[in-house]
Every structure is written in C-alpha cells, then in structure tokens.
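Participant: predicted model and sequence follow; I will ask about them next.
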Amino acid sequence: MRKPIISILLAALAAMPAAAAAVQPPSETAPPATTQPAPQAPPADAAAPPAPSAPSPSAGAVPADPSTDPAPDPAPPAAIRTAGDPASGPPSPGTYIVHAIDVGTGLAVFVEGSDFNLLYDAGSNDDAGREEKNRVTAYLRAVRPDLARLDHVILSHPHKDHHEMMDDVFTAYDVDHVWDSGSLHTSCGYRVFLEAVLDEPEVVYHNAAASGGTHDAPFRATSCRGQSFSAGTVRVPRGAVISNVPVALGRGASMTFLHADSTKRDPHLNDASVVVRLDLGSKRLLLPGDAEAGGERSPPTVPPTPDSVEGKLLICCARDLKSDLLVAAHHGSKTSSRNTFLDAVGASQFIISSGPKKYSGTQLPSIEVVEELTRRAAANGGALWRTDLDDEACKTKPGKIGPDDDGKPGGCDNVRIVIGPAGEMSLDYFRVAD
C-alpha cells in the first residue's frame, strides 16, 4: 500500500493565515523533523514560527520577451559518459546522487541516498509521453531497476512543464510523501495529478495552506489523455502543513523548505514555487522551481523586487540560501537569477533544465543568464550543465532514455552529480539508453 502524501506550508504570513511565503528558517541547531505521517511529520503551522508579513509577489508566470534570440549552444564539458552500467541498488552510505533528467522543455530532478530518495517535479511541454513512453519513469527504471517506492515527491507549482508526467510516477511507484504549494490551477494535468494522489489512500499529502482538512480543488468539465472529466471538486486529505523545520531524509541528509505559497493563481503560479534546499552530507543543493525576481524580464544586474520570491528570500533568510549546487530557476529565464540572489547562493556548479519549446515566444535559457552562470562557475572552479546540448539531434537519436528516434527532445543530456562521503563531487552527462 502506498502511504499518504504530505504537503507542508513553508511560511505562513501572519497577515494571511492560509498563505505561505518566504520564511525565516530555523537556526542550524533546530532538531530535524521526521518524514513519518503526523504526529511525527513536521509540525503544524501553530508550532512553527510565522513569517513576517510581506506583500504578495506580483510577477507574472511567464512574461513575454521582445527578444527571441536563444542562448548560444554550449560547448560540452570534457566529462561525458556515453554509456553506463547503472548500479542495481541505492548508493553506498555517505554517497548521494543527483539526476537532472532530460525531459525536453521542463524539469525533473531525482535525488537518492543509501536510505532515501526524492523526486522534484516531473513535467515537460513537449516530451510528455504516457505510460511506457514516459521519459521520467523510463529514466528511473534505467538507473534504479530495483526501485519500488519513492519517499518524497515534490511538485514545485502546477504548470504543465513541472507536473505533466507525475501521474505515471504514482502508477509505477508507491509514494510516501507528497509536497505541493497548494496553489490551484484549472488545468486537466493538475487534476490528473491530484487524482493520482487521491487514489493512494495511505499517502500523506502536505501543502502550504494548512494542516488537516482537505485540499479542495474545483475543476470544470474537460477531457485530456483520452479521458473525460465532469465538473467537480477534488478533495485531498492534508497532513501537516509545510513549515521551515528541516525534514530528515536519511542518514546525513535533510531538506528545508524556504518558500511555498498556496494563494497564487494563474498567471502568477511561478510565485507559488516550492523552494527547497537539500543538505546532502557536507554539500547543499538548491531547487527553486520557477521562483522569480519580480517585474519584467531583466538582466541579472537588476535587483529583485522586495515582494518577489527572490526578494523575500533575500530579506528573510539569505544565509540559508547558501548552496554548492543550483538548478537555475525558471529554466534559465531572465525573470529569475538576479546577481544579488546568486551572490547569496554562492554556488559553483549550475544546472539549467530547458528545451526547444518557446515560452510566450521566448526561447529559454536567456543568453544573459547563461553568460552570468558560466562566469560564476568558472570563477569558482565549477561548470554550467545543460539538458539542451543538442535537442535537434536528440529527436532522431536511435538510443536514448525513453522512446528512441521519436521526433521529440528529451532522453539525451541527463546530468548526474555524485557526492562522495568526503564531500567530493563528480559531475557528468549520463547518456545511457534503456
């Protein structure tokens, strides 16, 4: 049986009791919460210190850009693996592996340790094959053929390029905990995701709205994926709310939620993004979803607005952003990744997950963001890694993860990071056919 999914409120604004926003994380001496269902799950919002009141983010989901020039094709770093023999089990104790899965235009990150695993997002705008053609589940089968259960599934926010492949994940694996911002979207894909959660009665679901009760999501009558859905409300039982108390993942590993907002609606769903920092031994990985810097698309030199997600995080908890690895927000868009935010993160290794499909007429990643991340990586002995090295060639590649030669991007340029017991990091492109 699958255990209930949980979602937790990251930071409830004092002036908005049902909302979550950037919050002041606990001190590093705060005891970690467990990953078990309530009452051992992370404490409810009543037990967590509320965030200071702040204005709601005002940035839109995907603002259009007058420039449609794509970033230049990156030169592949030297460390490229063209074939592999994945281990049949989890990493050895003290070792952690991070996989940025090439899903075309979207995001999916799989993280594993010797005694835990986690999936952050599973979506694509152009590579959303179903069932055995699902690129995410195909990758998981290739790297972990022994895997039967996912401890944590996190949906950053309800956009297609982040959730479109999620329902097949629940079909393929038992899931213990689900973390969701709680912001609503009327899309059929988000409905299918919630119904997949609901179909697992033992899963604990947590969002950023509240503890207990149900997450009520109303939908219009619609059809997608060969199914017809009548108008109605999907009600998912909630566990403990998202809080800023660290959640124990496994030996030497934890996750801390820094932002989530249940009050955002289209077209501001990027501002709902679940921002989470993973502590993996002595290294840190920051996953910001599509968190934005506010205002229009702007160069990295323009500071984030105080009411944006990046701005709120800088005000409340800049030191808690410090990380060694960063998955660039919003697929490398100029809506995000401002210099002051990047300074606080201080990463040396960067990953951009993007693909060929344009966002409101704009090709991502933005060249200014690519150049800035490349400069920072070079200055700190790291590199910029991308899942879109050659999407055109990938469409017809005869051997890749998921369907081969299918006319779609995805399945070629998976990025893998291995963190060793002493904190040493090894990064490469994991190119393996299933």
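Facilitator: Here it is on my side, so go on. Keep in mind it's a predicted model, so treat the numbers as computed, not measured.

Participant: could you use CA atoms for every contact and neighbour count after this?
Facilitator: OK.

Participant: so what's the residue nearest in space to the middle of the chain up against?
Facilitator: Residue closest to the mean C-alpha point of the chain, counted by C-alpha atoms, centre = their mean, is Y120 at 4.1 Å. By C-alpha atoms under 8 Å, 6 or more residues apart in numbering, the residues touching Y120 are 108-110, 153-156.

Participant: so what strands line up beside the helix or strand hosting it?
Facilitator: Y120 belongs to strand 117-124 when elements are defined using DSSP states H and E. Looking at strand 117-124 with DSSP bridges, its partner strands are strand 106-112 (antiparallel), strand 149-155 (parallel).

Participant: so G381, which of the three states?
Facilitator: coil (DSSP: H, G, I helix; E, B strand; the rest coil).

Participant: just give me the neighbour total for it.
Facilitator: Using other C-alpha atoms under 10 Å, G381 is surrounded by 9 other residues.

Participant: now it: closest residue in space that isn't a chain neighbour?
Facilitator: Distances taken as C-alpha to C-alpha, 6 or more residues apart in numbering place S348 nearest to G381, at 6.6 Å, with adjacent residues excluded.

Participant: what about the helices in this protein?
Facilitator: Per DSSP state H, the chain carries helices over the ranges 135-143, 160-163, 166-172, 188-198, 309-317, 339-345, 367-379, 391-394.

Participant: dump the ones you listed into CSV; add mean neighbour count, distance to M255 and mean pLDDT as well.
Facilitator: CSV is the format used below for the helices of the chain (neighbours: other C-alpha atoms under 10 Å; distance: least, C-alpha to C-alpha, whole Å; pLDDT from 0 to 100):
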stretch, mean neighbour count, distance to M255, mean pLDDT
helix 135-143, 23, 21, 95
helix 160-163, 24, 20, 96
helix 166-172, 21, 21, 96
helix 188-198, 21, 22, 95
helix 309-317, 23, 15, 97
helix 339-345, 19, 16, 98
helix 367-379, 19, 24, 98
helix 391-394, 18, 32, 94
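
Participant: in JSON lines: those helices, plus distance to D261.
Facilitator: Shown next, in JSON lines, are those (distance: least, C-alpha to C-alpha, whole Å):
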{"stretch": "helix 135-143", "distance to D261": "26"}
{"stretch": "helix 160-163", "distance to D261": "16"}
{"stretch": "helix 166-172", "distance to D261": "20"}
{"stretch": "helix 188-198", "distance to D261": "16"}
{"stretch": "helix 309-317", "distance to D261": "10"}
{"stretch": "helix 339-345", "distance to D261": "19"}
{"stretch": "helix 367-379", "distance to D261": "25"}
{"stretch": "helix 391-394", "distance to D261": "33"}
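
Participant: nearest to P246, of those helices?
Facilitator: Comparison of the helices of the chain against P246 by C-alpha to C-alpha identifies helix 309-317 as nearest, at 14.1 Å.

Participant: and that closest one, how far from the chain's centre?
Facilitator: Centroid separation between helix 309-317 and its chain, computed with C-alpha atoms, centre = their mean, to the nearest Å, is 18 Å.

Participant: same question for stretch 123-138.
Facilitator: On C-alpha atoms, centre = their mean, the centre of stretch 123-138 falls 16 Å from that of its chain.

Participant: mind listing what's buried along that stretch?
Facilitator: 123-129, 131, 133-138 (16 or more other C-alpha atoms under 10 Å).

Participant: please enumerate residues in contact with that stretch?
Facilitator: Counting by C-alpha under 8 Å, 6+ apart, residues outside stretch 123-138 touching it are 101, 103-108, 122, 160-166, 168-169, 172, 357, 401-403, 408-411, 434.

Participant: likewise for stretch 90-97?
Facilitator: By C-alpha under 8 Å, 6+ apart, stretch 90-97 touches 111-115, 144, 251-252, 280-281, 416-421.

Participant: just to revisit the earlier point, chain center to the strand holding Y120, what's the gap?
Facilitator: Distance, centroid of strand 117-124 to centroid of chain: 6 Å (C-alpha atoms, centre = their mean).

Participant: report the mean per-residue pLDDT for it.
Facilitator: Average pLDDT, strand 117-124: 97.

Participant: extract the CA atoms of that strand and return them as CSV.
Facilitator: What follows is strand 117-124, C-alpha atoms only, in CSV (Å, rounded to 0.1, in the frame of the first residue of the first chain):
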residue,chain,number,x,y,z
ASN,A,117,15.1,9.0,-2.5
LEU,A,118,13.2,12.1,-3.7
LEU,A,119,11.7,13.4,-7.0
TYR,A,120,11.3,17.1,-7.5
ASP,A,121,8.9,17.8,-10.4
ALA,A,122,8.2,15.6,-13.5
GLY,A,123,6.9,17.7,-16.4
SER,A,124,7.5,18.7,-19.9
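
Participant: got the angle for that strand vs helix 188-198?
Facilitator: 150 degrees (axes from the mean of the first three to the mean of the last three C-alpha atoms, to 10 degrees).

Participant: next, the angle from strand 117-124 to helix 135-143.
Facilitator: Using the same axes, to 10 degrees: strand 117-124 against helix 135-143 is 140 degrees.

Participant: can you list the weak-confidence ranges in this structure?
Facilitator: Counting by pLDDT under 70, the chain contains low-confidence ranges at 1-88.

Participant: need the outlier residue of it, farthest from its centre.
Facilitator: Distance from the centre of the chain peaks at S230, with 29.9 Å (C-alpha atoms, centre = their mean).

Participant: wait, what's in contact with that one?
Facilitator: Per C-alpha under 8 Å, 6+ apart, neighbours of S230: 220-222.

Participant: at 6 Å what do you get?
Facilitator: A221 (C-alpha atoms under 6 Å, 6 or more residues apart in numbering).

Participant: quick revisit: hmm, the residue nearest to G381 is touching A379, no?
Facilitator: No - S348 lies out of contact with A379 (C-alpha atoms under 6 Å); the separation is 8.0 Å.
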